[in-house]
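Q: Make a model of this:
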Amino acid sequence: MWSKLWYFVIFIITLSINTIIVTKENAVGKNNGFIQRKLDLDKIDTPKNIFVGSAVGGGSHLNPILEVCKILLDRGYKVNLVAPGNFTAKSTLYHSIPQIITGEPFDTYASPEYRKIFFNEFTFKSLADEQMMFNQRYIEYFNKYLQAYKETKPDLFICDYVGNEACFDLAWKLKKPVVGFVSNTEFFTAPPPFRSDPMMGCHVNMENESFYDRFICAVVQPLRLGWHFRKILNYLNARRAEVGVSEHYDIRGRIVNTLFLVNSFFGFELPSAWPPIHQEIGPILPDTFPDLSSDLNLFLSAHPRTMYIALGSFVYTTPKNYAILLQSVLELINSNIIDGVIWATVRFNESELPSTFTLSTGDIISTLNILNNLYPHIHVTKYAPQFAILSHKNTKIFLSHGGASSSHESMYTATPMLVLPIAFDQPGNAEKLELTGMALKLSKIDLKVEDIVSKVIRIMSEESFKMNAERMQVLLKFNSKRKYRGVDLIEIVMNFAKRDGIRNENDELEVDNEVLLRNWITPDSRMGFIRGNYLDVFSVAIIISLVLFSSLVYGFYVIMFAFKKWALRNRNSQSKPKNE
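A: Predicted coordinates for the structure are as follows:
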């Protein structure tokens, strides 16, 4: 009997507790008037297939784009990379992304054109020469992209910006939405007058330059650039006509109404106003990186003041400069300024080095011993896990070419830099890094052992370089989350296409790229240069001001003339004798 009574009591207590919980939930849901905000969108019938095109290929261009593509895959989209080289199959991080191979990657080391670009001073003429090399393969790229389009039937194009007019042109011809991807702003935006680039013979920041230099960089050099590119544009438009693409005379390409995702950030980029259709989402970095090998870990642990040297996988410098670099690090080690060097020699011809190096102390070091890692203070490797090396506490300085990815990784790990820029965006990046206070730059045209040694000593001895590197690290760590914002922007374009697009006779979605992203397109891009900059209004305002000012001056002159005449007459009348 007591047991039954006990079970009944437990039942009543349980029922009471449940009633209280339900009542409380109802009170929260109804009496307080709250509902849950929903973040997800209806993705039914949303386009899913994405075409990613790159004319250059290689890790520097593809890694940031593919990092975004990984997130797109996680969100249910289908992505196909169309690029030279069997890149994704060899990649640990991006092997899940299928690739259509457009050919072998371009071998810059075997190219006399690139040797000329890399060995000489990089100017806008050098940029034009490289652009012409891409334009000469325009029809080849266009046809390969078109074939890939027929195989994959994409709903949206993502185009790497460099040398890739064929990708943008195909998207516009097929009336497909397109998103551009670029690692910096110098080559595709119209910069404000206070911003320029070393390839123009100017500085990144013109704030403190003389009137003469500002005039040359804001007026003369852009005119020279446009004049120099006119033949290239004419050649490109002739190729466009062959494949049925309309002419386009902006040297920056079809960027006005195209969403561009910029793998950079303010703090590294000089602050300036960008149109809403250009969005900075950088730095884009993977969530995981290859770790140190056992021999590299052992070397770093044994050398607490290590310099890491890497000039990238695409560019290279002269044999003389490589010899100067090696001579410099030997002198630095011999002077006990640093005690170790890790050198990644991707683009490096060992046969072009001298057989021995003689130090200032008279010691002779065998080059063969260095290259075979028999010299205890230098570790030479073809490829290196760069981020892991930079993350190690014993890596004190990074001698780099100043590529975007290397710069981002160095800032993320707060590693001070010595920058030897070769070409493209690297001279500009070197100046930007120097402006942050975490780096010093070298000249490939006038590279000297004494200059390298003195600048390494400064970086190693002055605390400001490390402090400024740590300041940049704060920006990098917060901004590195914005790759998800980049994916959100791509999804916005896909949803706009879903709602604004029209099905053609083949049931394929087509859009008008001139108006698809009207939410982000500023009106001045449609108004023309004069109306868009209100030059007509300001000109009339100046004319009105001049007329009013002239009228006031003239009126004042008339009044003064009349007053003087009256005063003179009055004086004459007073000076006459009274008997008159």
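Q: I'd say Thr381 and Leu292 touch.
A: No. Using Cβ atoms under 8 Å as the test, Thr381 is too far from Leu292 to be in contact (11.1 Å). For glycine as for every other residue, the C-beta is placed from the backbone atoms N, C-alpha and C.
Q: Is there a neighbour count for Leu546? I'd like the number.
A: The number of residues packed near Leu546 is 10, by other Cβ atoms under 10 Å.
Q: And the protein, split by domain according to the record?
A: 49-190+251-280+501-529, 294-479, 534-580 (automatic domain parsing).
Q: and the longest one, what's its mean pLDDT?
A: Spelled out, it's domain 49-190+251-280+501-529. Averaging pLDDT along domain 49-190+251-280+501-529 gives 90.
Q: can you give me the helices for the stretch 51-200 of the chain?
A: Listed in chain order, the helices of the stretch 51-200 of the chain (DSSP state H, counting those that start in this stretch) span residues 59-74, 87-90, 112-119, 124-135, 138-152, 165-173.
Q: Mind giving me the packing neighbours of the strand or helix carrying Val537?
A: According to DSSP states H and E, Val537 maps onto helix 535-575. Using 3 or more Cβ pairs under 8 Å, 6 or more residues apart in numbering; DSSP states H and E as the contact test, no helix or strand touches helix 535-575.
Q: still on that earlier bit, need the winner for burial among the helices of the stretch 51-200 of the chain.
A: Mean neighbour counts were compared across those using mean count of other Cβ atoms under 10 Å; the top stretch is helix 165-173, at a mean of 24.
Q: Which residue, neighbours along the chain excluded, lies closest to Phe266?
A: Glu280 (6.8 Å; Cβ to Cβ, 6 or more residues apart in numbering).
Q: Likewise for Val493?
A: Pro177 (5.1 Å).
Q: Identify the residues contacting the one you found.
A: Pro177 makes contact with Asp155, Leu156, Phe157, Ala171, Val493, Met494, Phe496, Ala497, Val511, Asn513, Leu516, according to Cβ atoms under 8 Å, 6 or more residues apart in numbering.
Q: Of these, which is the nearest to Ile397?
A: Phe157 (41.0 Å; Cβ to Cβ).
Q: Show me what that closest one is bridged to.
A: Phe51, Val178 (DSSP bridges).
Q: before we move on, back to that, in JSON lines, list the domains of the chain along with distance to Gly226.
A: JSON lines is the format used below for these (distance: least, Cβ to Cβ, whole Å):
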{"stretch": "domain 49-190+251-280+501-529", "distance to Gly226": "7"}
{"stretch": "domain 294-479", "distance to Gly226": "19"}
{"stretch": "domain 534-580", "distance to Gly226": "19"}
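Q: what's the burial count for the residue nearest to Ser355 when sequence neighbours are not counted?
A: Spatial nearest neighbour of Ser355, chain neighbours left out: Thr367 (5.5 Å); criterion: Cβ to Cβ, 6+ apart. For Thr367, the neighbour count with other Cβ under 10 Å is 16.
Q: next one: Leu326
A: 23.
Q: related to what we said a few turns ago, contacting residues for the residue nearest to Phe266?
A: So Glu280 contacts Val262, Ser264, Phe265, Phe266, Glu269, Trp274, Arg482 (Cβ under 8 Å, 6+ apart).
Q: And those, which two are furthest apart?
A: Once Cβ to Cβ is applied, these give Trp274 and Arg482 as the farthest pair, at 14.3 Å.
Q: Let me know whether Ile333 touches Val341 as I believe.
A: Yes. Between Ile333 and Val341 there is a contact under Cβ under 8 Å: 7.0 Å.
Q: Identify the contacts common to these two.
A: What both Ile333 and Val341 touch, as defined by Cβ under 8 Å, 6+ apart, is the set His377, Ile378.
Q: Neighbour count: those two, which is higher?
A: Just comparing Ile333 and Val341: by other Cβ under 10 Å the higher neighbour count belongs to Val341, 26 against 22.
Q: Run through the bridge partners of the more buried one.
A: Beta-bridge partners, per DSSP bridges, of Val341: Met307, Ile378.
Q: coming back round to it: among Trp274 and Arg482, which residue is more densely surrounded?
A: Taking other Cβ under 10 Å, Trp274 and Arg482 do not tie; Arg482 has more neighbours (19 against 15).
Q: burial measure for the closest residue to that one other than its chain neighbours, as a count.
A: Nearest non-adjacent residue to Arg482, counting by Cβ to Cβ, 6+ apart: Ile281, 4.5 Å away. Ile281 has 25 neighbours, counted by other Cβ under 10 Å.
Q: can I assume Asn533 is in contact with Asp524?
A: Yes. In this structure, Asn533 is within contact of Asp524 by Cβ under 8 Å, at 6.9 Å.
Q: For stretch 514-531, C-alpha coordinates in PDB please.
A: What follows is stretch 514-531, C-alpha atoms only, in PDB (Å, rounded to 0.1, in the frame of the first residue of the first chain):
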ATOM      1  CA  GLU A 514      25.000  45.800 -66.400                       C
ATOM      2  CA  VAL A 515      22.200  46.000 -63.800                       C
ATOM      3  CA  LEU A 516      22.400  42.700 -61.800                       C
ATOM      4  CA  LEU A 517      24.400  44.300 -59.000                       C
ATOM      5  CA  ARG A 518      22.700  47.700 -59.100                       C
ATOM      6  CA  ASN A 519      22.500  47.800 -55.300                       C
ATOM      7  CA  TRP A 520      26.300  48.200 -55.300                       C
ATOM      8  CA  ILE A 521      26.900  50.200 -58.500                       C
ATOM      9  CA  THR A 522      27.500  53.800 -57.700                       C
ATOM     10  CA  PRO A 523      25.600  56.300 -60.000                       C
ATOM     11  CA  ASP A 524      28.700  58.000 -61.200                       C
ATOM     12  CA  SER A 525      29.700  54.900 -63.200                       C
ATOM     13  CA  ARG A 526      26.600  55.500 -65.400                       C
ATOM     14  CA  MET A 527      26.800  59.300 -65.500                       C
ATOM     15  CA  GLY A 528      30.100  59.600 -67.300                       C
ATOM     16  CA  PHE A 529      33.200  61.400 -66.200                       C
ATOM     17  CA  ILE A 530      32.000  64.900 -66.400                       C
ATOM     18  CA  ARG A 531      28.500  64.400 -64.800                       C
END
